[in-house]
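Novice: sequence below, structure please.
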Amino acid sequence: MMVQKKVLFTACTIGMIFCTYGLLPGFALPSVPQIPTSNSFKAKLPDGEGRQYVQTLCTSCHDLERVVNQLKNLDAWTATVSDMLGRISPNMEKETAIISDYLTSHYGVVTSAALTLVHSSLKQDDLPAAESLIRENVGSLGQELTQILEDMDRGFDELGRQKARYDVLQDKFSQFQATWMPYEDVFRLFSSVTDQPGFSKRFQAKRLRIEGARHTTRADYFWDRQEYGEALQEYDHGIKKLQAAIPLAEAVNDQKLVAACLTNIGYNEIYSGNSAEGLRVYSQALQIAEQRHDDVFQGMYLLNLGTFHLYTMQPQEALDYALRAAEMNRKIGRRTWEANALLNVGATYLSLRKKEEAHSYLQKALLKAEEAKDRRSTGRILFNQALVTTQMGLIEEAARLMEEALEWYSEYNVVYSQAETALLRYQGVRFLVSTYQKLKNPEKVKHYASQVKELLSEDPQKLRTYLEDPHLNFLKWEKFRMQHPQLFP
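Specialist: The predicted structure is shown next:
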């Protein structure tokens, strides 16, 4: 009997913390609001072989405006389309190629002859020619560089929507940087020739923000591999890049970018074990969003603040932020964020042992996640639902939900970290052993007990390390520091 109680407690403790992230992996990125599709919009798509595919396949998850408001080269479009269609079916190579070619033809990165010549002159070290071209085309080049800055923001927002591990995101980061980073010399020279330093500062701020985000995702990758020293160094590098971006953004009065950098810094601080500093910085970002009356950023920051307060065992604060996040994201129509906010509300009520409230909000979260086709939150919701229903005495339902959660984690493992997948599988099968013991089903008990044994034999040291991982249970930070003093001089 004592063993069963211990299994359930462990599953509840780690599962509750584990399944309530409510934010993008590695870094929290802003995104543009969804724009309602007009009845006549489809007719405006250019003719071409891919038009029908775009109209039918690309609208299965979002509106068409989101597609055509982006500009990408072929590699970047192919990566995006492959990821999107992969959510529908794993065998859509033909459709991916057709759609990518179509979008590149009509919504690819196109530069004017003047900008192309300036760029090529700089590559050939012909500075006088580049300066002359800029003086002759100040107005048009200024407009084009402004458009590039806006396209960078849209591309970075889209990158943030790629819900995948770092090893998947790495190529996407490379494609993004290869598209835009070569223009930095043009921005710098344009600012110098025209005495408009804002162009160069805005570009540098965005570049540093992108580099900071990449360091953060590398840190998450190393941490997932239990290479903690490398991870902490990457978090620190990310913080430094983001801090360097802030004065540049402030100089051009880009408060939106300042807030975005603060949130990324906050994330890095929290995942480096500095929760108080991380929450303080994150709260600054929320204040900026509130001052700017930016509902989209408020929706994201409220969501993540709810998540982090839940991580750090501050349930009342977590509940306040999560409820506000759910309301705001419902208002702006961000279904994925609303699903995660509802998940956080349910998980917070679970931590407060309010079973009925937890069950109600988790059910709402599941419906919203299914509506939004959000793969990541769905698995976490199912896991938490299993914990709630067993506390409510619905043992058979709890077993079904846990089996569904584990199946979901197995099928969609690309959107979860290796640590999360491994530990929740371990916790889940132990939960099922205990549950089927209560249901007096020896066949199922034997089946899942054999899985526990198999998991323990695969790599027991790695599993023990996951159980002590402070990223999976923030209560473990003090013990982690004691075990790794060399990492915290």
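Novice: just give the number of residues close to the residue nearest to residue 361 when sequence neighbours are not counted.
Specialist: Nearest non-adjacent residue to residue 361, counting by Cβ to Cβ, 6 or more residues apart in numbering: residue 346, 3.7 Å away. Backbone N, C-alpha and C define where each C-beta goes, glycine included. Number of residues near residue 346 (other Cβ atoms under 10 Å) recorded here: 29.
Novice: distance of residue 346 from residue 259?
Specialist: Here the distance between residue 346 and residue 259 works out to 28 Å (Cβ to Cβ, to the nearest Å).
Novice: now do the contacts for residue 364.
Specialist: Contacts for residue 364 (Cβ atoms under 8 Å, 6 or more residues apart in numbering) come out as 342, 346.
Novice: distance-wise, check it relative to residue 478.
Specialist: Counting by Cβ to Cβ, the separation of residue 364 from residue 478 is 35 Å.
Novice: can you check residue 178 too?
Specialist: Separation of residue 178 from residue 478 (Cβ to Cβ) stands at 43 Å.
Novice: any idea where the strands of the stretch 151-300 of the chain begin and end?
Specialist: Using DSSP state E, counting those that start in this stretch, no strands are found in the stretch 151-300 of the chain.
Novice: would you list every one of the helices in it?
Specialist: Along the stretch 151-300 of the chain, the segments classed as helices by DSSP state H, counting those that start in this stretch run 166-180, 184-194, 197-224, 228-251, 255-271, 275-291, 295-311.
Novice: got JSON lines for these, with distance to residue 86 and mean pLDDT too?
Specialist: Shown next, in JSON lines, are the helices of the stretch 151-300 of the chain (distance: least, Cβ to Cβ, whole Å; pLDDT from 0 to 100):
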{"stretch": "helix 166-180", "distance to residue 86": "11", "mean pLDDT": "69"}
{"stretch": "helix 184-194", "distance to residue 86": "32", "mean pLDDT": "94"}
{"stretch": "helix 197-224", "distance to residue 86": "20", "mean pLDDT": "91"}
{"stretch": "helix 228-251", "distance to residue 86": "27", "mean pLDDT": "96"}
{"stretch": "helix 255-271", "distance to residue 86": "26", "mean pLDDT": "94"}
{"stretch": "helix 275-291", "distance to residue 86": "32", "mean pLDDT": "94"}
{"stretch": "helix 295-311", "distance to residue 86": "25", "mean pLDDT": "91"}
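Novice: switch those helices over to TSV; also include mean neighbour count.
Specialist: Putting these into TSV (neighbours: other Cβ atoms under 10 Å) gives the following:
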stretch	mean neighbour count
helix 166-180	17
helix 184-194	18
helix 197-224	23
helix 228-251	19
helix 255-271	25
helix 275-291	18
helix 295-311	26
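Novice: between those, which gets nearest to residue 85?
Specialist: helix 166-180 (15.0 Å; Cβ to Cβ).
Novice: show the end-to-end separation of stretch 467-481, please.
Specialist: 15 Å (Cα to Cα, to the nearest Å).
Novice: list the buried residues for that stretch?
Specialist: Neighbour counts over stretch 467-481 (16 or more other Cβ atoms under 10 Å) mark 469, 470, 471, 472, 473, 474, 476, 477, 480 as buried.
Novice: tell me the one among these nearest to residue 443.
Specialist: Nearest to residue 443 out of the buried residues of stretch 467-481 is residue 472 (Cβ to Cβ; 31.4 Å).
Novice: confirm the closest one sits in a strand?
Specialist: No - with DSSP: H, G, I helix; E, B strand; the rest coil as the criterion, residue 472 is coil rather than part of a strand.
Novice: for the residue lying farthest from the centre of the chain, give its distance to residue 121.
Specialist: Residue farthest from the centre of the chain, counting by Cα atoms, centre = their mean, is residue 128 at 43.9 Å. Applying Cβ to Cβ, the value for residue 128 to residue 121 is 9 Å.
Novice: same check on residue 417?
Specialist: Noted for residue 417: a distance of 46 Å to residue 121, by Cβ to Cβ.
Novice: and for residue 481?
Specialist: 54 Å.
Novice: again with residue 444
Specialist: Distance, residue 444 to residue 121, by Cβ to Cβ: 72 Å.
Novice: so those two - more neighbours on which side?
Specialist: For residue 444 versus residue 121, the count of surrounding residues by other Cβ under 10 Å is larger for residue 121: 20 against 17.
Novice: follow-up on the earlier one: nearest to residue 384, of the helices of the stretch 151-300 of the chain?
Specialist: Nearest of the helices of the stretch 151-300 of the chain (Cβ to Cβ): helix 295-311, 11.5 Å.
Novice: I'd like to know which elements the closest one is packed against.
Specialist: Applying 3 or more Cβ pairs under 8 Å, 6 or more residues apart in numbering; DSSP states H and E, we find helix 295-311 packed against helix 255-271, helix 275-291, helix 315-332, helix 335-351.
Novice: run the last query once more with 10 Å
Specialist: helix 2-18, helix 255-271, helix 275-291, helix 315-332, helix 335-351 (3 or more Cβ pairs under 10 Å, 6 or more residues apart in numbering; DSSP states H and E).
Novice: mind putting these in TSV, distance to residue 402 included?
Specialist: Listed next are the helices and strands packed on helix 295-311 as TSV, based on distance: least, Cβ to Cβ, whole Å:
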stretch	distance to residue 402
helix 2-18	9
helix 255-271	28
helix 275-291	30
helix 315-332	23
helix 335-351	15
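Novice: my guess is the residue nearest to residue 361 meets residue 306, correct?
Specialist: No - Residue 346 is beyond contact range of residue 306, at 11.5 Å (criterion: Cβ atoms under 10 Å).
Novice: in what helix or strand does the residue farthest from the centre of the chain lie?
Specialist: In this assignment (DSSP states H and E), residue 128 forms part of helix 127-136.
Novice: what angle separates that helix from helix 184-194?
Specialist: Put simply, helix 127-136 runs at 60 degrees to helix 184-194, going by axes from the mean of the first three to the mean of the last three Cα atoms, to 10 degrees.
Novice: and helix 127-136, what's buried?
Specialist: Residues of helix 127-136 classed as buried: 130, 131, 133, 134 (neighbour count, 16+ other Cβ under 10 Å).
Novice: between those residues, which is nearest residue 284?
Specialist: Using Cβ to Cβ, residue 134 is the member of the buried residues of helix 127-136 that sits closest to residue 284, with 37.6 Å.
Novice: please enumerate the helices of the stretch 351-489 of the chain.
Specialist: For the stretch 351-489 of the chain, the helices defined by DSSP H, counting those that start in this stretch cover 355-372, 375-391, 395-411, 418-438, 442-458, 460-467, 477-483.
Novice: any chance of those helices in JSON lines, plus distance to residue 215?
Specialist: JSON lines is the format used below for the helices of the stretch 351-489 of the chain (distance: least, Cβ to Cβ, whole Å):
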{"stretch": "helix 355-372", "distance to residue 215": "29"}
{"stretch": "helix 375-391", "distance to residue 215": "22"}
{"stretch": "helix 395-411", "distance to residue 215": "28"}
{"stretch": "helix 418-438", "distance to residue 215": "19"}
{"stretch": "helix 442-458", "distance to residue 215": "31"}
{"stretch": "helix 460-467", "distance to residue 215": "23"}
{"stretch": "helix 477-483", "distance to residue 215": "21"}
